[in-house]
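**Student:** how would this look folded up:
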Amino acid sequence: MSVSIKSQVVLIKKEGDASAEADIARNALKKQLGRKTRESVRSILLPEFSSVYKVKLVKGEGSGSGKQVLDSSAKAYEACRKALGRTVTFICGSESSDAVEVSPKLVSDMTKKIIDAGLDSKQFNALLTALRANITFE
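**Tutor:** Got it, this is the predicted structure:
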């Protein structure tokens with residue numbers, strides 16, 4: 001049985017945002033939300049963090065137009081914003097501005113070949129290691 005999202009957010013606040021206990025709570029959230037998009041995770045967590053930190057949600061302006069955002073005039077705004085941001089990053093990984101895309105066809109072709117070869121986990125890792133060792137980029 002999974003623990004509620006709100007109870008994990010309460011633990012993050014109670015134990016201190018950057019503590020090991022907060023990371024345990026974040027791991028529980030990652031198990032529940034790990035396969036969702038960054039925006040989806042943020043939209044699920046936003047009302048919970050808002051409630052726990054007692055920061056109202058208001059209609060966004062400018063770049064946040066049309067969305068609910070944290071009220072920047074609230075006393076706990078910064079703590080809530082930072083805790084939410086760290087939690088989303090913990091679950092989804094950091095946003096990288098230098099993200100590189102790979103051709104979906106190349107991924108599909110390689111996946112098919114690997115599956116057809118019947119590799120187990122150790123063999124797959126060995127294949128990746130061998131590829132990295134044998135390919136250089138100039």
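
**Student:** And the residue nearest the centre of the chain, how far from Ser51?
**Tutor:** Among the residues of the chain, the one closest to the centroid is Cys92, at 1.6 Å (Cα atoms, centre = their mean). Distance of Cys92 to Ser51, computed by Cβ to Cβ, to the nearest Å: 21 Å. Just so you know, the C-beta spots here come from the backbone N, C-alpha and C atoms, and that holds for glycine as well.

**Student:** May I have the residues that are in contact with the residue nearest to the residue nearest to the centre of the chain when sequence neighbours are not counted?
**Tutor:** Distances taken as Cβ to Cβ, 6 or more residues apart in numbering place Arg38 nearest to Cys92, at 4.4 Å, with adjacent residues excluded. By Cβ atoms under 8 Å, 6 or more residues apart in numbering, the contact set of Arg38 is Val88, Cys92, Glu95.

**Student:** Make JSON lines from these and add secondary structure to it.
**Tutor:** Listed next are these as JSON lines, based on DSSP: H, G, I helix; E, B strand; the rest coil:
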{"residue": "Val88", "secondary structure": "helix"}
{"residue": "Cys92", "secondary structure": "helix"}
{"residue": "Glu95", "secondary structure": "coil"}
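
**Student:** with these in mind, which one is nearest to Lys82?
**Tutor:** Val88 (10.9 Å; Cβ to Cβ).

**Student:** Okay, and Lys105 sits in which element?
**Tutor:** Taking DSSP states H and E as the criterion, Lys105 maps to helix 104-117.

**Student:** next one: whatever helix or strand comes next after that helix to chain centre, how far?
**Tutor:** Next helix or strand after helix 104-117 toward the C-terminus (DSSP H and E): helix 121-134. The chain centroid and the centroid of helix 121-134 are separated by 27 Å under Cα atoms, centre = their mean, to the nearest Å.

**Student:** can you check stretch 28-35 too?
**Tutor:** Distance, centroid of stretch 28-35 to centroid of chain: 8 Å (Cα atoms, centre = their mean).

**Student:** Find me the pLDDT at the residue lying closest to Ile91 once chain neighbours are set aside, would you?
**Tutor:** Using Cβ to Cβ, 6+ apart and skipping residues adjacent in sequence, the residue nearest Ile91 is Lys30, 4.7 Å away. As predicted, Lys30 sits at a pLDDT of 90.

**Student:** No more questions from me, cheers.
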